[in-house]
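Sequence plus the predicted model coming up.
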Amino acid sequence: MSAIAEIAKLRKIAEDARREYATKSEAAKKVTAAAEKTQLQLKDSKVINSTKAKWEEAIKSRQAASEAVVIAQKKVTEWVEQTKKQSTEMATGLAVKAATGGNPEDIKKELQEETKKAGEALVMVMIDVAKEKQEEVSLLQKVYADAVREKETNKGNELDQYMKNIQNDINTKNKEASSLLEEASKKADTVGGMAKQLQDRIKDTVNISSVKSSVSNLLNGAKKMDAIKKFF
């Protein structure tokens, strides 16, 4: 298999993984929307339909989306690494191709195009990972709000640890989302012409101050991109 064909194969795998994530993310949104319409059933200090029961499927669905986006990032990274490897070996590869009648400039152009595509895809999927953390935060905030309402009826202590775990998860995932966007910003500095794409991707970012700051920095950096730069 030629170098270009190998890269194309990895690109397809990466694109399929991103589509799989998109499908699971949309499914999670639908399950969450359905859960939001379900009412807690609290009566006379009895919990008929609990917070855990109400949100169980939504949490599972969101976890599936989170796992899918991590896989997508892994596959895109493999694509990026292969383009980098082939670019490094390009001199030898072009010499062989030229000896068989190929056009070195055509191969060089193909590798440049693949490098650009792979780099852009990596930045976008990194943002997807960050946004998925934000989606988890948004969901957990809804779960926590219901747990507070349930606690008002169920005066026992069994909800205390559950609520504490949720709050810890919210805080952790907020920090992770901010950190992930910072990483995406650094990677975006190596890719040209992505300002519009980045803005479209993160326009519905959850309203978290630390995340909003990262988003602002990301877009400011993107606006300065006017050429394709080396990724590493």
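Alright, I've got the coordinates.

ok, residue 61 touching residue 23?
No - when contacts are counted by Cβ atoms under 8 Å, residue 61 is not listed as touching residue 23 (11.4 Å). Bear in mind the C-beta positions are built from the backbone N, C-alpha and C, glycine included.

Look at those two and report which has more neighbours.
residue 61 (21 against 12; other Cβ atoms under 10 Å).

I'd assumed the more buried one was in a helix, is it?
Yes - per DSSP: H, G, I helix; E, B strand; the rest coil, residue 61 lies within a helix segment.

ok, now how distant is it from residue 50?
18 Å (Cβ to Cβ, to the nearest Å).

ditto for residue 139
Note on residue 139: its distance to residue 50, by Cβ to Cβ, is 16 Å.

the more surrounded of the two?
Between residue 139 and residue 50, counting by other Cβ under 10 Å, residue 139 is the more crowded of the two (24 against 18).

Find the helix or strand that the more buried one is a member of.
Per DSSP states H and E: residue 139 is located in helix 104-153.

what element comes up after that helix heading to the C-terminus?
helix 158-188.

and that next one, which residues are buried?
Of the residues in helix 158-188, 159, 162-163, 166, 170, 173-174, 176-178, 180-182, 184-185, 187-188 count as buried by neighbour count, 16 or more other Cβ atoms under 10 Å.

Show me what whichever strand or helix holds residue 81 is packed against.
Counting by DSSP H and E, the element that carries residue 81 is helix 51-88. On a contact count with 3 or more Cβ pairs under 8 Å, 6 or more residues apart in numbering; DSSP states H and E, helix 51-88 meets helix 3-37, helix 104-153, helix 158-188.

Let me see the confidence value for the residue nearest to residue 141 when sequence neighbours are not counted.
Once flanking residues are discounted, residue 141 sits nearest to residue 170: 6.5 Å by Cβ to Cβ, 6 or more residues apart in numbering. Looking at residue 170, its pLDDT reads 93.

Residue 152 too?
In this model, residue 152 is scored at 82, pLDDT.

and it, how many neighbours?
Neighbour tally, residue 152, other Cβ under 10 Å: 8.

Same check on residue 5?
A count of neighbours around residue 5, defined by other Cβ under 10 Å, yields 9.

That one: what's it in contact with?
For residue 5, the contact set (Cβ atoms under 8 Å, 6 or more residues apart in numbering) is empty.

what's the spacing between it and residue 86?
The value you get for residue 5 to residue 86, if Cβ to Cβ is used, is 11 Å.

In contact with the residue lying closest to residue 25 once chain neighbours are set aside, which residues?
Of all residues not flanking residue 25 in the chain, residue 65 sits nearest, at 4.5 Å (Cβ to Cβ, 6+ apart). The contact partners of residue 65, by Cβ under 8 Å, 6+ apart, come to 21, 24, 25, 27, 28, 132, 135.

want to try CSV for those, with neighbour count as columns?
Formatted as CSV, those follow (neighbours: other Cβ atoms under 10 Å):
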residue, neighbour count
21, 25
24, 21
25, 20
27, 15
28, 25
132, 26
135, 21
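
Quickly name whichever of those residues is closest to residue 121.
Closest to residue 121 out of these is residue 21 (12.2 Å), distances taken as Cβ to Cβ.

Tell me the pLDDT of that closest one.
Residue 21 is assigned 97 on the pLDDT scale.
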